[in-house]
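> No letters, just coordinates:
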Ligand SMILES: [Mg+2]
Ligand SMILES: [Zn+2]
């Protein structure tokens, strides 16, 4: 598939990706971001010059097979360690604002 | 192949068929997690089984557990499924409090196991349910909403535990079929030792996809997914409610929105979980911290050699070899521990008697005491001895029940019980004759009546003889002798 | 001993082994100079007291069998260091103290090195000028108005300013080689899978690789020998027999075939860069190497490919910074509000921009057009190199299209900033080793570098080529201590 036309990233798209990435963007910043992204994607669009229909995608460059680990327990009773940097004071849990499901 | 009894919802003279597909999440039985070395044990103190990898600390990387792969392959073989020699781990990206990485490592386009099937034994016959796929993925942590009034607390003990997601085709048609399907899956996995199937501990949960269509339509309706239901009873309740809700909407001229719903067990209803505008876009892509998982046919073949006899094969063998009815065989094989118990008992005992005693007395006892067969107060060895005592005429069936009751209290050798309590059956014809003569002598009036045609009285003499013997007289011999004497 | 800081790493090791200098003397010299060099803003975190204590410990019980006996070294603040703050130059990790050590830094300490401090970098290694750091931009010791390059800008600046005898950086698209080129130092990006990524704050997992930055080629060989190791905690770490890079270092490259890719002669390439490249070829010929023209036809697509692949991976890698488990949190009315406030305040503009790009290219409806397309083009780029390496042993290119630019010069033009990595990025996409060595000065008197690209796992070969060229180039650049008052 060759995409010939550059798709413009509008403010609605910015809002959508801002929501997906959990990064709030105010309207002023959204405008600037849209401009930046549009100039970046315009430049990226040159990839469309290439026909890649028959090309196999490459996702990992490490040309080896996935290495497997034995089913062994090596980390136990780690609570203190993993909670050490947690922003809340709770000693047993990570704490987040109340979630209503 | 006969069809199951139709489960249809009727409204205004129209009949709706319910179409159900399940995404079962089965926890892989393993010591450590899928991509980390922390333990998978259930019920530990919160956040004590969390490695740096599970808590997604910066710079931490996943390394896959080979045993979990083997377990998935085994399960795939048990589901008669295609094993894919190359599969890919993807990241499913979304934010949630109990998802520390901000993504779940799962398999999307290229799962480890492809299409397979499961045979269900229904009262109306058997039915084959298609399996779409089985893939490996990480479990999330647990959000706890009811400890702290202001906050949600997060326990990551489950975070990273290996799950097999088993996706069925939309082949199920009733809550009852769902019941049988889940039990069959659980049975297969327990035979394989790949999942303990413990639903209370969350080792087996399901997302239930439900849609309805008018009977006879061949196009599927729009489905709703009911998330994370953790008991068969709730699955059935949720399906009933959801199917009826959908029928109501259609009957009112409405349209079903494809959405994710939650089953509220207290209110017995499903409700929408996420609004549509927040529709998820998981942005799946191959996890760059991992490589494609590849293995050879030889590896799969070597695992095939480790596959034990599975429920369907066992059932066939039981029917063929032991002449059990399909019904009996089904009961005996559906649970691996029951099957194991049965096979120990029949090693030295009569098969038919064993089957009767296990599915009769023993099941009743376990039921009453709310015990698993593995916790049975009567060992298979001792039950086998009891059955032999019946078979060789040492005790009668009735006495056996008394002995069984004593065994239920303490798992004692029935031979000793019979000896201690002098319960041995009286089978000496001379002794029995003495007894019977006494009974006849003391009841001459009844003898007359019998001889003049009141044949029903025969039972009276048998009963009385048994009573006088303290229940120990061999009923068969008593019958024979009485018949002779009363001629 | 005032000339301590002028010794290169190998000389220091030799002097310490010969008991001519003590670890304490070396450490003191670097601490004192670093103390006087705060203007460069090279350090995020100084561990000087602890370093002096460790040096003292070393001297009282020296182990001269170690490869870096008692040598103080500052490292990029992207490596997690046990009990030492590690921030990736981001507000979102401003208060993060790891309880663990990255494999690469552990390898250094195992060989007797001592941590001097954590060096500034672009936020999450995203940048080519070290201007995106939450802790402010780094200044090049070359000139007060110049960027040191990035993202390992603090490392390059500290190394060039002699605040550390050697250092390590990470290179995702040129982040070691470009700042090395800008500061007249040597920077090596090893083959993907050579150095463990365990404990390195991830930017783009399929591209990230740690590597040495040193004052000369021999020091790079020494550092690589130490940090390169197989690690079963990293599924992409590769178990190959690692050579003894220093022992086998040689200036004999007679008969080596060196490829010159015509596509690297980009539009508007300055005369200076062209001359530099030409000189490079001549040096190689002088060493007995054979120069061969080659073609890497998909070169121009490397950068756009990189700016899909790297942000896509980053958008996912950086999802873990959500205010829940560690790092900065901005309280919100509910969970989503907390996430959004934490992440919009915790990340800087460039990081947010790349997360947005990455989110977009992976999102439903765009995946095939962008992400999948990029992965396919990545294959073509790798194939180019594979083909080229059928006929050559290594490839020579300029490291960067220009010398260091001015602070602020490219800040408002992301694409022109990205173009800085035009010669380095293809190497990361193909997972190959590449080394940048200082090769000359432009007319402003700023350093320029040449890059040698090798086959996968052929670090020894490019080190040897670099070593022989270094000998011929005889690059001299005297840094004036203008920032020391
Ligand atoms: Mg699901
Ligand atoms: Zn799932």
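Now that the structure is in, tell me what you want to look at. Please read these numbers as outputs of a predicted model, since none were measured by experiment. Residues are numbered from 1 along each chain as shown, chains lettered A, B, ... in the order given. Ligands and ions are numbered 1, 2, ... in the order given.
> Please make it C-alpha for all contacts and neighbour counts, starting now.
Will do.
> which parts of chain B sit against chain A?
Contact residues (Cα under 8 Å from any Cα of the partner chain) of chain B with chain A: B:30-32, B:37-39, B:46-52, B:55, B:63-68, B:94-95, B:97, B:145, B:149-155, B:273, B:281, B:286, B:288, B:290-294.
> near chain C, which residues of chain B?
Checking chain B against chain C by Cα under 8 Å from any Cα, the hits are B:55-63, B:93, B:95, B:97, B:100-103, B:281-285, B:288-291.
> Residue C:268: neighbour count?
Neighbour count of residue C:268, defined by other Cα atoms under 10 Å in any protein chain shown: 7.
> Need the three-state assignment for it.
Assigned by DSSP: H, G, I helix; E, B strand; the rest coil, the conformation of residue C:268 is coil.
> gap between it and chain A?
For residue C:268, the distance to chain A (Cα to the nearest Cα, to the nearest Å) stands at 17 Å.
> what about residue C:435, which SS state?
strand.
> again, but for the one 3 residues further on
Under three-state DSSP, residue C:438 falls in the strand class.
> ok now stretch C:279-289, how far from the chain's centre?
26 Å (Cα atoms, centre = their mean, to the nearest Å).
> Then stretch B:44-58?
Mean C-alpha position of stretch B:44-58 versus that of the full chain (Cα atoms, centre = their mean) differs by 32 Å.
> So which bits of that stretch are buried?
B:46-58 (16 or more other Cα atoms under 10 Å in any protein chain shown).
> could those go into a markdown table alongside pLDDT and secondary structure?
Formatted as a markdown table, the buried residues of stretch B:44-58 follow (pLDDT from 0 to 100; DSSP: H, G, I helix; E, B strand; the rest coil):
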| residue | pLDDT | secondary structure |
| --- | --- | --- |
| B:46 | 96 | coil |
| B:47 | 96 | coil |
| B:48 | 96 | coil |
| B:49 | 96 | coil |
| B:50 | 97 | coil |
| B:51 | 96 | coil |
| B:52 | 97 | coil |
| B:53 | 97 | coil |
| B:54 | 97 | coil |
| B:55 | 97 | coil |
| B:56 | 98 | coil |
| B:57 | 98 | coil |
| B:58 | 98 | coil |
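> per-domain residue ranges of chain B.
What automatic domain parsing lists as the domains of chain B is B:8-304, B:311-420, B:429-485.
> Where does the prediction get shaky in chain A?
Along chain A, the model assigns pLDDT under 70 to residues A:1-7, A:101.
> Give me the residue at the spatial middle of chain A.
residue A:21 (6.8 Å; Cα atoms, centre = their mean).
> if I read this right, it contacts residue C:356, doesn't it?
Yes. Between residue A:21 and residue C:356 there is a contact at 7.0 Å, judged by Cα atoms under 8 Å.
> so how far is residue B:415 from the residue of chain C positioned farthest from its centre?
Distance from the C-alpha centroid of chain C, by Cα atoms, centre = their mean, peaks at residue C:333 (40.8 Å). Distance of residue C:333 to residue B:415, computed by Cα to Cα, to the nearest Å: 73 Å.
> swap in residue C:66?
Relative to residue B:415, and taking Cα to Cα, residue C:66 is found at 76 Å.
> Return the set of buried residues in the lowest-mean-pLDDT helix or strand in chain C.
Counting by mean pLDDT, DSSP states H and E, chain C has its least confident helix or strand at helix C:414-418, which shows a mean of 86. Residues C:414, C:415, C:418 are the ones in helix C:414-418 that count as buried (16+ other Cα under 10 Å).
> what does the stretch 51-200 of chain C put close to chain B?
Taking Cα under 8 Å from any Cα as the criterion, the contact residues of the stretch 51-200 of chain C with chain B come out as C:80, C:102, C:197, C:198, C:199, C:200.
> Can you classify the residue of chain B at minimum distance from chain C by secondary structure?
Closest to chain C within chain B is residue B:59: 4.0 Å, counting by Cα to the nearest Cα. At residue B:59 the chain is in coil, as set by three-state DSSP.
> Hmm, it is touching residue C:199, no?
Yes. In this structure residue B:59 lies within contact range of residue C:199 using Cα under 8 Å: 4.0 Å.
> Please identify every residue contacting each of the two.
C:80, C:102 (Cα atoms under 8 Å, 6 or more residues apart in numbering or on different chains).
> any common contacting residues for residue A:21 and residue C:356?
With Cα under 8 Å, 6+ apart as the test, residue A:21 and residue C:356 both reach residue C:315.
> Distance check, the closest residue to residue C:269 other than its chain neighbours against residue C:462.
Excluding the flanking residues, the one nearest residue C:269 by Cα to Cα, 6 or more residues apart in numbering or on different chains is residue C:401, at 6.7 Å. Separation of residue C:401 from residue C:462 (Cα to Cα): 21 Å.
> residue nearest the centroid of chain C?
Computing the C-alpha centroid of chain C and ranking residues by Cα atoms, centre = their mean puts residue C:176 first, at 2.1 Å.
> Does that residue touch residue C:157 like I think?
No. At 11.7 Å, residue C:176 does not count as touching residue C:157 under the criterion of Cα under 8 Å.
> Which SSE is immediately downstream of the helix or strand harbouring residue B:132?
Element membership for residue B:132, per DSSP states H and E: strand B:125-138. Once strand B:125-138 ends, the next helix or strand along the chain (criterion: DSSP H and E) is strand B:142-144.
> Residue 49: how many residues sit nearby?
With no chain named, the answer covers chain A. 11.
> The intended chain is chain C.
Count around residue C:49 with other Cα under 10 Å applied: 13.
> distance of it from residue C:41?
19 Å.
> tell me the pLDDT at residue B:118?
Among the per-residue scores, residue B:118 shows a pLDDT of 98.
> Check the one 3 residues further on too.
With respect to pLDDT, residue B:121 scores 91.
> Please state the offset of the host helix or strand of it from the chain centre?
Per DSSP H and E: residue B:121 is located in strand B:116-122. Here the centre of strand B:116-122 is set off from its chain's centre by 13 Å, with Cα atoms, centre = their mean.
> What of stretch C:457-477?
17 Å.
> Going by neighbour count, list what's buried in it.
In stretch C:457-477, counting by 16+ other Cα under 10 Å, buried: C:457-470, C:472-473, C:475, C:477.
> Tell me who's in contact with residue C:5.
Residue C:5 makes contact with C:26, C:29, C:30, C:162, C:163, C:165, according to Cα under 8 Å, 6+ apart.
> Next: residue A:44.
Contact partners of residue A:44, counting by Cα under 8 Å, 6+ apart, are C:304, C:305, C:307.
> Let's see that with 6 Å instead.
Going by Cα atoms under 6 Å, 6 or more residues apart in numbering or on different chains, residue A:44 touches residue C:304.
> Backbone dihedrals for it, both of them.
When read as degrees, to the nearest 10, the backbone of residue A:44 gives phi -70, psi -30.
> And it, how far from residue A:29?
Distance from residue A:44 to residue A:29, by Cα to Cα: 22 Å.
> got it, and residue A:77?
Taken as Cα to Cα, the span from residue A:77 to residue A:29 is 45 Å.
> which one of the two has more residues nearby?
Neighbour totals were compared for residue A:77 and residue A:29, and residue A:77 leads with 17 against 13 (other Cα under 10 Å).
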